[in-house]
Structure formats: C-alpha cells, structure tokens
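**Q** Could you work out the structure for the sequence below:
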Amino acid sequence: IDCSTDSPGYDYFAAARTLMESGHNLRHELLRQNLESLPPEEYDDMALNAARSLAEESDLAVDWLRLGQILLAREAWNDAIIIFSRVVNAKKSTNFEVAEAFFFRSNAYYFSGQIHESIQDSTSFIKLPDISINNIADVLNNRSIAYSKIGETEKAINDSTRVINLPNVSVQQIARALTA
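**A** Predicted coordinates for the structure are as follows:
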C-alpha cells in the first residue's frame, strides 16, 4: 500500500491513525459518521441496528438520543420513551442532553396518548437552566396543545400567552402560539 503523503488514501489513513491514537473507538466514530449522513426518518433496519449497537457499546447520551430519535421517527413510541428515559436518568448526561431527552420524550408521550406525562416532561424541560428562549417557546407551544387536548383551555391559553410575552422570541413561535 502506497502511504506516501501525496497518495490518494493518505488523508484517510492519517485521520484513522489520529483517531486510534486519541483513544477513541474507531468503529464507533465510523458508525456515527454513517448515521449522521441521514435524517432519522430515513433510517432502514440496518441503520437502526447500527444505532442500537453503537448506543449499547458506547453508552453515550448522544448515541442514545440518536437511537431514540430514530425510534420516534418510526413511531415506536414506547421504545423511544424507554431510550429517552435512559438519558434523562443518566448521571453523566449533560444539561443539554437531558433537555433534548425531555423534549423528544414529551413528543413520544404525546403521540402515544400519554398526555399528562407529555405535559410533565414539557414542564421539566422549561425548568432546566440555560435553555434558549426559542426552545422554551417551542415547548410552551407543545404544552399548550397538550393542555387543549385534555380540555384544560385556561392552561393552554396561559402557555400561549407566555410565548407571546417572551423577550426576543421568533415570529414563527408567536404565530404558532396565536394559532394553537
């Protein structure tokens, strides 16, 4: 094999060697790169199995979140809830990862008909520190819809009003609050 610096494969082998020497698992890195090339709704069974293997082997929140998003896209609500719960409850999950897990798990609960649990996760999300205004607005809008679904109209209106009154919230979020 020609490994001179001007050979076509040099950059690939140099990157692989750097990864191997950094202590990262090269197989995991390659799986992540392959999985990142498609949106979750376009994953086939082989990609789903690869995502599941990666999450189980690495036990990293980012890999569990990707698996949960794939399951959510496939409408496997209960399986997605289990995966997102794992991230929420993991001691090593970052605030951002927990926020993502609450957001996606709330959606899974909603679509599985578990509206009260969806509302609980939305409330937990909103209470987290360092969440952007537009993310809070998104979750408030989602929670407003959930409240409407269970007939709690006053709470739904309160959440929509909160969105409208948030500082520097996007026009899209305000429009969504007005139509919820």
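**Q** Next, work out how far apart residue 122 and residue 84 are.
**A** For residue 122, the distance to residue 84 equals 13 Å [C-beta to C-beta, to the nearest Å]. Backbone N, C-alpha and C define where each C-beta goes, glycine included.
**Q** residues contacting the spatially most central residue of the chain?
**A** Of all residues in the chain, the one closest to the mean position by C-alpha atoms, centre = their mean is residue 100, 4.5 Å from it. Shown in contact with residue 100 (C-beta atoms under 8 Å, 6 or more residues apart in numbering): 65, 87.
**Q** Residue 121 too?
**A** With contact set as C-beta under 8 Å, 6+ apart, residue 121 has these partners: 102, 103, 105, 106, 109.
**Q** Spatially nearest residue to the fourth one (excluding sequence neighbours)?
**A** Think residue 106. Leaving aside its sequence neighbours, residue 106 sits nearest to residue 121 (C-beta to C-beta, 6 or more residues apart in numbering; 3.7 Å).
**Q** Now the one you found: which helix or strand?
**A** Secondary structure from DSSP states H and E places residue 121 in helix 115-127.
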